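Asks: Structure for this input, please:
(4 chains)
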Protein chains: 2
Amino acid sequence: MAVTLKDIARRVGVSVTTVSRALGGYDDVAEETKRRILQAAQEMGYHPHIIAQSLQRQRTNTVGLIIPTAGPRFSDPYFTEILTGIGNEAAKHEFDLLVSTRAPGAQEREAYERIVGSRRVDGLLVIRTRCRDERITYLMESGFPFVAFGRSDLDLDFPYVDVDGTKGLDEATQYLIDLGHRRIAYISAPLDLMFAKYRLAGYKGTMERNGLSVREEWIAIGRLTQEDGYREGLKLLDLEPAPTAIIAANDLMALGAISAAQDRGLIVGRDVAVTGFDDIPLVEHSHPALTTVRQPIYHIGTMICSMLIQVIHGEEPAERHILLEPTLVVRESSGVGGQATVDALGSE
Amino acid sequence: MAVTLKDIARRVGVSVTTVSRALGGYDDVAEETKRRILQAAQEMGYHPHIIAQSLQRQRTNTVGLIIPTAGPRFSDPYFTEILTGIGNEAAKHEFDLLVSTRAPGAQEREAYERIVGSRRVDGLLVIRTRCRDERITYLMESGFPFVAFGRSDLDLDFPYVDVDGTKGLDEATQYLIDLGHRRIAYISAPLDLMFAKYRLAGYKGTMERNGLSVREEWIAIGRLTQEDGYREGLKLLDLEPAPTAIIAANDLMALGAISAAQDRGLIVGRDVAVTGFDDIPLVEHSHPALTTVRQPIYHIGTMICSMLIQVIHGEEPAERHILLEPTLVVRESSGVGGQATVDALGSE
DNA sequence: TTGAAAGCGCTAACAA
DNA sequence: TTGTTAGCGCTTTCAA
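Replies: Residues are numbered from 1 along each chain as shown, chains lettered A, B, ... in the order given. Here you go, the predicted model:
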C-alpha cells in the first residue's frame, strides 16, 4: 500500500541503497540515476517511513511535552500559547511534538518514565517548574535531554528559560505604591510552584522596601483559575479595611478579581486597582483592560524548544540559563491617570 | 545505555524470543523462566523500545492532531479543552498524541501529507471542519483513518461528532425574542467554517419564523477572537437604530462584544443583551456572567478520540455520525428577569 | 517449552 | 558509481 524504497528500487532497476542515497542527497550517485530515482519517488508519492528511519538513526526527531493540568475543564490560554510557540519552533527544525496532559502526581511520574524509557522522544520540555520538582530530579538522574521553563530550588544544573518574576512583581507593586496605594493585597499562585515564590518575594520585598507592612490576611492563594481569583477577590474586598489594590499572580485570577470587585459594586481602575501577570491576549480587551506584567509566552515556547533541539543535537546552547525581564503593561485596571489613587486614598 | 530484550536474554540465559514472549504475556513459557525474566526486566528497568515495536507491528499507537491556528498569539481556550479531552482519552487506550499547529493553507496541507505519508500516526483527528474541506477530501482519498469534529458539505461519508449549531442558535435567538428583543444582531464566524453556516442558519431561521426581518448590517463577521468581537460589537452598537441584543458565534467574541458595550457606557444585561456559544470556563465568572450555548468540548474530545481508536482497531464505531444537542445556559448577560427587555424596549 | 531465522523500512560500512 | 551485507529492537513464524 505505502511506497517504500524497495518499490522505487524495483521500478528504477537499482538497489535499495542507491535509492536511499539518491534521496538522502549524497553526491556519490550518478546524475542520471539520481534524476530517475527522484522522478520515480515523486511520481509514486514516496514519503520516508519515519518510524523505520527513527529506529535506524536512533533518533525520533520528536520532542515531548507533558502539560500539567488541574482537571478536565482546565483551559489556561497560557498553555495554548506556549504550545503554539513550541510547535512552530519544532516544525521549523522538522521535529514533531508529542503532547500529554497529566495532573501532577503518580500518573505524571509514570508518563515521564514511560516516555523516557521507551525512547519515544529525543527530549522533553518541562514547563511550570515546581519546588523540589521530581520531574527534574528524574530527568537529571536518567540523563535524558530536557529544557525547562522555570528555575528550580534543587541544586542541579540544567538548561532553562525563566522570567524574572520577582522583578515583575517589584514593578507592579512599586507602580501601585507610586500611585498612592498603601493597602495592597496579593493573590498568589500555589506555593509549590517555583514562579509563585519569586513573584511573592517581589511583592513582599517591594512592600517592605517602601515601609509598608504586609498583613497576613492580604495574601491569598488561588489555583490560577479565574474562579479562584473571583473567590479570593471577594474575600479580600470584604476585609476591614479593604485593600485598595489587588495584585494577582496571573491574568486569569486577575480577571476573576475584577469580576469580584464588580460584583461588589466597585469600579475597577477607580475604586480599586487590579493587576495581573502574563499578558494573555484575553486581557487586552477585557473590561477594563488589564494592567499586567508581560512575559513573552509564545517566544519562551520557541526558545525552550530550540534550546532542547540544540541539546539533542549535542550542541551546547549559547546560554544555558536565560532569565528574561518582564515588562509592566499599564492599562485601565490600575487606574490610569491616578484616578484610582485619589479615590482610594480619599476613602482611607 | 538503554535496556533491550537482548540484555535481559543474556542475563537470564535464554533467547531474545523467549524474553519477548514472556514479557508479551504468552503462556508458552515455563513458569520459572517467566518469573526470572520478569524479575530481570524489573530490576534492569526495561521498557520496550516503542519505535522498534511500531516498526514491527506496523502500528504507532499514536493519534495525530493538527490544530488550525490563526497566528502566534492565538489562544482560544476551546483548543486547550478539546486537547485535554483527546489527550486523556488517548492515554486511557495507551495511545500517544502527536500535535502540530498550522494555519490553514499550503503548510497545513503539507503537514497532512507528511504525517499520512510517513505513517507517523495511526489516525488523525480533524477539528473545526471547513466548507469543501480539503483535509477531508485528502484523507478520504488516501484512505487514512480519521474522525472529525464537525460535519462537511462534501458528499462523503466519514465518522464525525458535531453539535447541532442550528438548534443552539434557535434557542439563543428565541430566548432573546421571548424576552422582547426585536433588533437582534449577530456576529458570525468566518463562513468558510462549517459550524458558522449552521449557526447562522439557526439565527436567521428563528428570526424569520418570528416574523422579524434580518437586516444585512446586523450580521457581522469576526475571526473568533475577542478582539474581533470587540471591533464588530462597536460597529453594531453604533448603528442607528442600534440592536438591543447581540449574539456572538462563540464566547470569545461575545466577551469582546461585552467590552464594546461597556466602552459605549452600556450596562450589559440591562441596556443590551449579549450571548455566546461554547461555554468556555472563562465566561461563567466573567462580568456579567455570559449567557451562552454550551457544547461539551472536553467530552467531544474524548468521543472523537475514542471513535478514532476504534476505527484504527478496525472496529466499526457504534455510531458513525453523532449530533449532540447543545443547551442554552442562561446567565446575566442576556438580562435575567427581563430587565434588559424592559429597558431595551423602552428605548425603542 | 525454547531457539533460530526472517523481516518490518531504513541507513551505513565496506567491497567491488 | 553501485551493490552487498549487516543491523537498529522488536515480533513472529517454524522447527527442534
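
Asks: Please count neighbours and contacts with C-alpha atoms only from this point.
Replies: Fine.

Asks: For the helix or strand A:Tyr112 falls within, buried residues please.
Replies: Secondary-structure element containing A:Tyr112, defined by DSSP states H and E: helix A:106-117. Within helix A:106-117, the residues that count as buried by 16 or more other Cα atoms under 10 Å in any protein chain shown are A:108, A:111-113, A:115-117.

Asks: Stretch A:12-22 now?
Replies: Neighbour counts over stretch A:12-22 (16+ other Cα under 10 Å) mark A:12, A:16, A:18-20, A:22 as buried.

Asks: can that stretch be found next to DNA strand C?
Replies: Yes - counting by Cα under 7 Å from any atom of the strand, contacts between stretch A:12-22 and DNA strand C involve A:16-17, A:20-21.

Asks: Whether that stretch contacts DNA strand D - can you check?
Replies: Yes - for a cut-off given as Cα under 7 Å from any atom of the strand, stretch A:12-22 has contacts with DNA strand D, namely A:13-18.

Asks: So which of those residues sit within helices?
Replies: Applying DSSP state H to the residues of stretch A:12-22 next to DNA strand D, the entries found in helices are A:16-18.

Asks: Switch the residues you listed over to JSON lines; also include pLDDT.
Replies: Below are those laid out as JSON lines (pLDDT from 0 to 100):
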{"residue": "A:Val16", "pLDDT": "95"}
{"residue": "A:Thr17", "pLDDT": "95"}
{"residue": "A:Thr18", "pLDDT": "95"}
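
Asks: mind checking the SS state of the one residue in the stretch 51-200 of chain A that gets nearest to DNA strand D?
Replies: The stretch 51-200 of chain A approaches DNA strand D most closely through A:Gln56 (3.3 Å), counting by Cα to the nearest atom of the strand. Going by DSSP: H, G, I helix; E, B strand; the rest coil, the secondary structure assigned to A:Gln56 is helix.

Asks: which residues touch the most centrally placed residue in chain A?
Replies: For chain A, the residue nearest the mean C-alpha position is A:Ile82 (4.8 Å; Cα atoms, centre = their mean). Shown here is A:Ile82, whose contacts under the criterion Cα atoms under 8 Å, 6 or more residues apart in numbering or on different chains are A:297-302.

Asks: now with 7 Å?
Replies: Taking Cα atoms under 7 Å, 6 or more residues apart in numbering or on different chains as the contact definition, A:Ile82 lies against A:297-298, A:301.

Asks: swap in A:Asp170?
Replies: Neighbouring residues of A:Asp170 by Cα under 7 Å, 6+ apart: A:202-203, A:206.

Asks: top of those by neighbour count?
Replies: The most crowded member of these, judged by other Cα atoms under 10 Å in any protein chain shown, is A:Tyr203 (28 neighbours).

Asks: My guess is that one contacts A:Thr173. True?
Replies: Yes - the pair A:Tyr203 and A:Thr173 passes the contact test of Cα atoms under 7 Å, sitting 6.0 Å apart.

Asks: For the stretch 101-250 of chain A, which segments are assigned as helices?
Replies: In chain order, the stretch 101-250 of chain A shows helices spanning A:106-117, A:134-142, A:165-178, A:194-209, A:226-237, with DSSP state H, counting those that start in this stretch as the criterion.

Asks: residues from the stretch 51-200 of chain A in reach of DNA strand D?
Replies: Listed as neighbours of DNA strand D in the stretch 51-200 of chain A under the rule Cα under 7 Å from any atom of the strand: A:52, A:55-58.

Asks: Pull out the buried members of those residues.
Replies: Buried members of those, scored by 16+ other Cα under 10 Å, are A:52, A:55.

Asks: Including distance to B:Ile219, could the residues of the stretch 51-200 of chain A next to DNA strand D go into a markdown table?
Replies: Conversion of those to a markdown table gives the following (distance: Cα to Cα, whole Å):
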| residue | distance to B:Ile219 |
| --- | --- |
| A:Ala52 | 52 |
| A:Leu55 | 55 |
| A:Gln56 | 57 |
| A:Arg57 | 55 |
| A:Gln58 | 55 |
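
Asks: which one among the residues of stretch A:12-22 next to DNA strand C gets closest to DNA strand D?
Replies: Each of the residues of stretch A:12-22 next to DNA strand C was checked against DNA strand D using Cα to the nearest atom of the strand; the closest is A:Thr17, at 4.7 Å.

Asks: quick one: that closest one from A:Thr69, how far?
Replies: When distance is defined by Cα to Cα, to the nearest Å, A:Thr17 is 47 Å away from A:Thr69.

Asks: again, but for A:Leu139
Replies: According to Cα to Cα, A:Leu139 stands 20 Å off from A:Thr69.

Asks: now swap in A:Leu237 and tell me
Replies: A:Leu237 sits 29 Å away from A:Thr69 when distances are taken as Cα to Cα.

Asks: More neighbours: which of these two?
Replies: Taking neighbours as other Cα under 10 Å, A:Leu237 and A:Thr69 compare with A:Leu237 leading, 22 against 18.

Asks: Which pLDDT value goes with that one?
Replies: pLDDT, A:Leu237: 97.

Asks: Same check on the one 5 residues further on?
Replies: For A:Ala242, the model assigns a pLDDT of 95.

Asks: quick revisit: any chance of a markdown table for the residues of the stretch 51-200 of chain A next to DNA strand D, columns distance to B:Gly265 and pLDDT?
Replies: What follows is those, written out as a markdown table (distance: Cα to Cα, whole Å; pLDDT from 0 to 100):
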| residue | distance to B:Gly265 | pLDDT |
| --- | --- | --- |
| A:Ala52 | 63 | 96 |
| A:Leu55 | 63 | 96 |
| A:Gln56 | 66 | 95 |
| A:Arg57 | 63 | 94 |
| A:Gln58 | 63 | 94 |
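
Asks: Can you tell me which of the residues of the stretch 51-200 of chain A next to DNA strand D comes closest to B:Ala318?
Replies: When those are ranked by distance to B:Ala318 (Cα to Cα), A:Ala52 comes first, at 34.1 Å.

Asks: wait, isn't that closest one in contact with B:Ser54?
Replies: No - under the contact definition of Cα under 7 Å, A:Ala52 does not touch B:Ser54, with a separation of 8.7 Å.

Asks: So what sits opposite A:Ser100 in the bridge?
Replies: According to DSSP bridges, A:Ile66 are recorded as the beta-bridge partners of A:Ser100.

Asks: Would you check how far apart it and A:Pro145 are?
Replies: 17 Å.

Asks: count of residues packed around A:Gly165?
Replies: Per other Cα under 10 Å, the neighbour tally for A:Gly165 reads 27.

Asks: how about the nearest residue to it, chain neighbours excluded?
Replies: The shortest distance from A:Gly165 to any non-neighbouring residue, by Cα to Cα, 6 or more residues apart in numbering or on different chains, is to A:Arg199 (4.8 Å).

Asks: Just the pLDDT for A:Ala2.
Replies: Taken from the predicted model, the pLDDT recorded for A:Ala2 is 87.

Asks: likewise the one 10 residues further on?
Replies: Residue-level confidence at A:Val12 comes out at 94, pLDDT.

Asks: List phi and psi for the nearest residue to it once chain neighbours are set aside.
Replies: With sequence-adjacent residues excluded and distances taken as Cα to Cα, 6+ apart, A:Val12 is closest to A:Ile37, at 6.5 Å. A:Ile37 adopts backbone torsions of phi -60, psi -50, taken as degrees, to the nearest 10.

Asks: Neighbours of A:Ile37, how many?
Replies: Each residue near A:Ile37 was counted by other Cα under 10 Å, and the total is 25.

Asks: try the one 5 residues further on
Replies: Residues near A:Gln42, counting by other Cα under 10 Å, number 12.

Asks: Just to be sure, it is in a helix?
Replies: Yes - under three-state DSSP, A:Gln42 sits within a helix.

Asks: quick one, what contacts it?
Replies: For A:Gln42, no residue counts as a contact, taking Cα under 7 Å, 6+ apart as the criterion.

Asks: domain parsing for chain A?
Replies: Taking automatic domain parsing as the domain assignment, the ranges for chain A are A:5-44, A:51-162+A:298-324, A:165-295+A:328-345.
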